[in-house]
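**Student:** Generate a structure from the sequence data that follows.
(2 chains)
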Amino acid sequence: MTRQLITLIVNGDRYQVPVAPHETLLDVIRDQVALTGTKRGCTSGACGVCTVQGEDGRAVLSCLALAIEWDNRPVTTIEGVAGEDELHPVQKAFLEYGAVQCGACTPGLIMTAKALLDENPDPDEEAINEALAGALCRCTGHIKVKIAVREAIKAMVADAAAEDSHGV
Amino acid sequence: MASRKADLAVVGRDQPRLDGAHKLTGRSLFTDDVVLPGMLHAKIVRSPHARARILSIDTSAALALPGVKAVITHADAPKLYVGIEQPLFRQEIVNYIGDEVAAVAALDEATAAEAAALIKVEYEPLPALFTIQDATRPDAFLIHAKAKGNIAWQQAQDLGDVEQGFAGSAHVRTDTYTTNASHNCYAEFHVAIADWSLPDKLSMYTPTQTAILFQKSLAGALRLSDGQVRIMNLNTGGGFTGRTSVRPHHDVAAVLSRKTGRPVKVRATADEEFIACRAGGEVKYTFRTGVSDTGQIKAFEADITFDTGAYVESQMIVLTLTSSYIHSLYKIEASRYSGRLVHTNNIPYYFHHGGGLAQMAFGLGQHMDALARELGMDPIDFHLQNGVTKGHTSMTGTFFGSCGLAECIRKTAKQAGWKRKYGKLPPLKGIGIGVGAMASGAKGVFKHDTSAAFIKIVDDGSMSLFVGLPDMGQSSHTAMAMIAAEVLGAQATDITVISGDTDIVPLDVGALIQRGTFNTGNAVKAAALDARKQLEVLAAARLGVKPSQLVFRDRQVYPKGQPDKAIPLKKIVYDTLHSREGRFVMGRGFYNSPKESGTMAYSFGAQIAEVTIDPDTGFVTVDRIVASHDVGRAINPRIVEGQIDGQVFSGLSQVLYEQTLLENGQVMNPSRLDYRLPRSYEMPKVEHIIVESIDPFGPFGAKEVGEGPIVCTLPAVANAVANALGEPVNEMPITPWKILQILGRRAKARAGS
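**Tutor:** Numbering: from 1, shown residues only, chains lettered A, B, ... in the order given. From the prediction side, this is the model:
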């Protein structure tokens, strides 16, 4: 099979990877870049566990994206979300409010929620529901996930206000 | 040991799960994340026919494909059975669409898939049976010669004088219900990596609820000793009762690894998920209950027929579970049970969330509700009048050492505003109650129901806790660390839980029959007490008191009432090791129910659902659920809430959404787009009421919360729909189409009158 060398930029790191035309972004991130936080689920865009963020911050179902189209385009995966010393506010809220159970869908949920909040820092209920609609989860029944997302929004809004008042 | 809430330092407080940060940052490993050196990828060739004779299998083209390392068929594993009657590969007759015929291992997945497509199998299609009705006709052919009448398994039980009970009843009601095939929709798909090494040892990575059953099953099938099989369950992406037994792909991986001498991974594709695993199936229930004119149950009879599909693995357990369920919920003096598993040419049946009991509760809860209505009784009064109470011993020999059923019912009714709403809501709005009970572990799988635990404490005060209990999301490992921490005066975060490797951890029957918190919790408590005893020697001597007067709390040890004399726990540990004796602190403990059979404790719950029916679409919106659960003691309250949430979701999902559509044995909706589950925006507000009845036998009084809530959700939602509609829907799922049919029939009747 003919493979083409592309440069994948994952969480700011550049990887030269040979990709076949049929290989997805998910395949390459997991199998060649060897970052397995992005989970492989239905591979047909139905479950949301493979969600990553593209260069514009939008949520991307990596199982439906052909790797060859991601030459030189930055991608953020779950491994690139936390800061050096602490979790991202969305991760913190998921932990504190009990929105993590089996954990197989968790990375996809975090990426989905983060993509939403990067685009719209203060989404209303409808926007949250719309964003999360593509992520399936039986363990949590979505209930604490929604609570965690709302709490993360509160924390981020408060953080932003605190930074403003300090003139940062 | 402290048992009052105020005396507890760790148990009963919210503790974020210890592995949470790993899961949230993508660091936690699942089986599909594991890559072993030289690992091959396998694909399974499955029958496209529901029943057919295999005329020939030609593997030559597949074997000739570059990259293919092995092809296996029945000839490679002629005597290998998955469970009791399912040969790993079929030799003559295939029995369902998806039946395993061959498998191939190749360097990569794409090559394996290509090779699988090159295996030529010639079939002669044969007639097949797809429904209980067809399979049990007197002239039906036999799917397996030894299962006469296509009855794979049956069980009957008669307790008390049933005839007299019915004869003495003022009122007798009979109802029938049907449930349909469904699927667990695990976030982590079915997957196994087998690594067969020499001298013969099989190591297998796979998600499971019970490593020991997998170990024993694989050892038996592959003719190895238990010690030659090592199960490594990393994180398990959901269990829902469906990961309690070995499936064919586990054996396929093992045989291919033995043949190639390399590790082999098998992972189900999206549609294969639905073929390799049918959770629940067509089940027919008939319930008959006799009551006195005051609503006291005098006799109960259940007749249940399960479509078990093409093969039986361990599904007969469902007969035992459903046979005695009624006695865990109501005080009954006469009961009859008759249950059977019927073979069809459908995918083998396996459990869905709720283990067969939640699905039974869909009908049973509606039946009891209808009976109460017929008597002019409020269902709440009916449940309170007949429900089991603390100190009761059932006809099946269960002693209820704790029981919060009445408290659950009363608190839930109050919070939901039941009296204000029941019978007073506008048309197409409804309210319904569901009550339930659930065992906290039970003997029956083995003669024992043992969990064991080790704990080691190193000289900086940090600890490792070794348990065989898998954590498939229920946060049991965090609960186990909290129990050990409470006993040892440590914090849960001081403890690393080591699990998921049968070569390392002690025995545990596993995370099934809701036994984790109760059984493994008691084992962990015993191990921690054993370790504490070793520390007490030095601490008591140094503080000049008896060991029984010592308090272990907040990483300190002090005489009771004298925290000012505290010595840091880690200093006690350090000095115990750095002494003439040089004692390394290692605690060990195990727990096994002292009873001959059955369980030591039941949990109880009550839920009230409110629904609205859209007359134009037939769609049911669940507006609110109030859910109470008697957990004995909430070890980790927020996690208890999370367990309730998940089960409320799964319960209302099963009642209103989920169905694996089978047409002549073919799954018509094998995708997560076409198999509907509620989306996040379809979930109602869930209000939790945690009832703590402090069980005398549970660790710190704790009981299960693993499946108790879901047995309440199904009847609560179904009864709310019946209340809104003014008539019940006796077949699950209650789809918009079924509701539209009822509304349409009524509109027609009105137009005609």
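**Student:** Need the nearest residue in space to the spatially most central residue of chain A, chain neighbours excluded.
**Tutor:** Chain A has A:Met111 as the residue nearest its centroid, 2.0 Å off, counting by Cα atoms, centre = their mean. Of all residues not flanking A:Met111 in the chain, A:Thr51 sits nearest, at 4.2 Å (Cβ to Cβ, 6 or more residues apart in numbering or on different chains). Every C-beta, even on glycine, is put in place using the N, C-alpha and C of the backbone.
**Student:** what about that neighbour, neighbour count?
**Tutor:** Close neighbours of A:Thr51, defined as other Cβ atoms under 10 Å in any protein chain shown, add up to 29.
**Student:** now do B:Leu36
**Tutor:** There are 15 residues near B:Leu36, going by other Cβ under 10 Å.
**Student:** Okay, and it sits in which element?
**Tutor:** Using DSSP states H and E, B:Leu36 is not contained in any helix or strand.
**Student:** Shouldn't the residue nearest to the centre of chain A be within a helix?
**Tutor:** Yes - assigned with DSSP: H, G, I helix; E, B strand; the rest coil, A:Met111 falls within a helix.
**Student:** Model confidence for the closest residue to chain A within chain B, exactly?
**Tutor:** At 1.8 Å from chain A, B:Gly26 is the closest residue in chain B, using Cβ to the nearest Cβ. We have a pLDDT of 97 for B:Gly26.
**Student:** Can you tell me the closest non-neighbouring residue to it?
**Tutor:** A:Gly37 (1.8 Å).
**Student:** Give me the neighbour count for the one you found.
**Tutor:** As a burial measure, A:Gly37 scores 26 neighbours (other Cβ under 10 Å).
**Student:** sec struct for it, please.
**Tutor:** Assigned with three-state DSSP, A:Gly37 falls in the coil class.
**Student:** mean confidence score for stretch B:227-247?
**Tutor:** Per-residue scores along stretch B:227-247 average to 95.
**Student:** And it, what's buried?
**Tutor:** For stretch B:227-247, burial by neighbour count (16 or more other Cβ atoms under 10 Å in any protein chain shown) applies to B:228-247.
**Student:** which helices and strands sit right next to the helix or strand containing A:Lys154?
**Tutor:** Using DSSP H and E, A:Lys154 maps to helix A:143-165. With contacts taken as 3 or more Cβ pairs under 8 Å, 6 or more residues apart in numbering or on different chains; DSSP states H and E, helix A:143-165 sits against helix A:89-96, helix A:106-119, helix A:125-132, helix B:637-656.
**Student:** quick one, which of these is nearest to B:Ala152?
**Tutor:** Of all those, it is helix B:637-656 that lies closest to B:Ala152, at 23.9 Å by Cβ to Cβ.
**Student:** touching chain A at all, the helix or strand of chain B at the bottom of the mean pLDDT ranking?
**Tutor:** Using mean pLDDT, DSSP states H and E, the weakest-scoring helix or strand in chain B turns out to be strand B:278-279, at a mean of 80. No - judged by Cβ under 8 Å from any Cβ of the partner chain, strand B:278-279 stays clear of chain A, getting no closer than 11.2 Å.
**Student:** Need the contact partners of that strand.
**Tutor:** B:181-184, B:240-242, B:309, B:346-353, B:660 (Cβ atoms under 8 Å, 6 or more residues apart in numbering or on different chains).
**Student:** switch the cut-off to 6 Å
**Tutor:** B:Ala181, B:Ser182, B:His183, B:Asn184, B:Gly242, B:Ile347, B:Tyr349, B:Tyr350, B:His352 (Cβ atoms under 6 Å, 6 or more residues apart in numbering or on different chains).
**Student:** close enough to count as contact, the residue nearest to the centre of chain A and A:Gly48?
**Tutor:** No - counting by Cβ atoms under 6 Å, A:Met111 does not reach A:Gly48; the two are 8.8 Å apart.
**Student:** Return the nearest residue of chain A with respect to chain B.
**Tutor:** A:Gly37 (1.8 Å).
**Student:** Can you report how many residues neighbour A:Gly45?
**Tutor:** By other Cβ under 10 Å, the residues close to A:Gly45 number 18.
**Student:** and it, what is it in contact with?
**Tutor:** Contacts of A:Gly45 by Cβ under 6 Å, 6+ apart are A:Leu61, A:Leu64.
**Student:** circling back to that earlier point, torsion angles phi and psi at the residue of chain B closest to chain A?
**Tutor:** phi 80, psi 20 (degrees, to the nearest 10).
**Student:** Now do the same contact list for it.
**Tutor:** Contacts of B:Gly26 (Cβ under 6 Å, 6+ apart): A:Gly37, A:Ile78, A:Glu79, A:Pro107.
**Student:** ok, these vs B:Leu224, which is closest?
**Tutor:** A:Gly37 (34.8 Å).
**Student:** Show me which residues of the stretch 201-350 of chain B are close to chain A?
**Tutor:** B:Asn235, B:Gly237, B:Gly238, B:Ala270 (Cβ under 6 Å from any Cβ of the partner chain).
**Student:** Now residue 46: closest residue in space, sequence neighbours ignored.
**Tutor:** Just going to use chain A. Nearest to A:Ala46 is B:Arg672, by Cβ to Cβ, 6+ apart, at 3.9 Å.
**Student:** nope, chain B
**Tutor:** B:Arg46 sits nearest to B:Gly98 (Cβ to Cβ, 6+ apart), 4.8 Å away.
**Student:** Neighbours of that neighbour, how many?
**Tutor:** 27.
**Student:** and it, what pLDDT?
**Tutor:** pLDDT, B:Gly98: 96.
**Student:** Contacts only, for it.
**Tutor:** B:Arg46, B:Ile275, B:Ile347.
**Student:** what are the phi and psi angles of it?
**Tutor:** phi 130, psi -10.
**Student:** low-confidence ranges in the chain?
**Tutor:** Looking at chain A here, since you left the chain open. A:1, A:167-168 (pLDDT under 70).
**Student:** my question was about chain B
**Tutor:** B:1-3.
**Student:** Give me the most central residue, it.
**Tutor:** The residue lying closest to the centre of chain B (Cα atoms, centre = their mean) is B:Thr241, at 2.7 Å.
**Student:** nearest spatial neighbour of B:Leu329, skipping sequence neighbours?
**Tutor:** In space, and not counting its chain neighbours, B:Leu329 is closest to B:Ala437: 4.5 Å by Cβ to Cβ, 6+ apart.
**Student:** Sticking with the one you found, tell me its helix or strand.
**Tutor:** Counting by DSSP H and E, B:Ala437 is part of strand B:429-439.
**Student:** separation between B:Gly651 and B:Arg278?
**Tutor:** Between B:Gly651 and B:Arg278 the distance is 19 Å, computed by Cβ to Cβ, to the nearest Å.
**Student:** Settle it for me: which of these two has more neighbours?
**Tutor:** Using other Cβ under 10 Å, the more surrounded residue of B:Gly651 and B:Arg278 is B:Gly651, with 32 against 26.
**Student:** Count the residues that sit near residue 141.
**Tutor:** With no chain named, the answer covers chain A. A:Gly141 has 28 nearby residues by other Cβ under 10 Å.
**Student:** that answer is for a different chain, and I need it for chain B
**Tutor:** 12.
**Student:** What of B:Ala541?
**Tutor:** 10.
**Student:** Three-state assignment for it, please.
**Tutor:** Once three-state DSSP is applied, B:Ala541 turns out helix.
**Student:** tell me which parts of the stretch 501-650 of chain B are close to chain A?
**Tutor:** So the stretch 501-650 of chain B meets chain A at B:Arg638, B:Gly642, B:Asp645, B:Gly646, B:Val648, B:Phe649, B:Ser650 (Cβ under 6 Å from any Cβ).
**Student:** which other residues reach the helix or strand B:Lys570 falls within?
**Tutor:** With secondary structure defined by DSSP H and E, B:Lys570 is part of helix B:569-577. Applying Cβ under 6 Å, 6+ apart, the contact partners of helix B:569-577 are B:457, B:459-461, B:489, B:535, B:538-539, B:555-557, B:583-584.
**Student:** one more time with 10 Å
**Tutor:** B:457-463, B:488-490, B:494, B:531, B:534-539, B:542-543, B:550, B:552-557, B:567-568, B:582-585 (Cβ atoms under 10 Å, 6 or more residues apart in numbering or on different chains).
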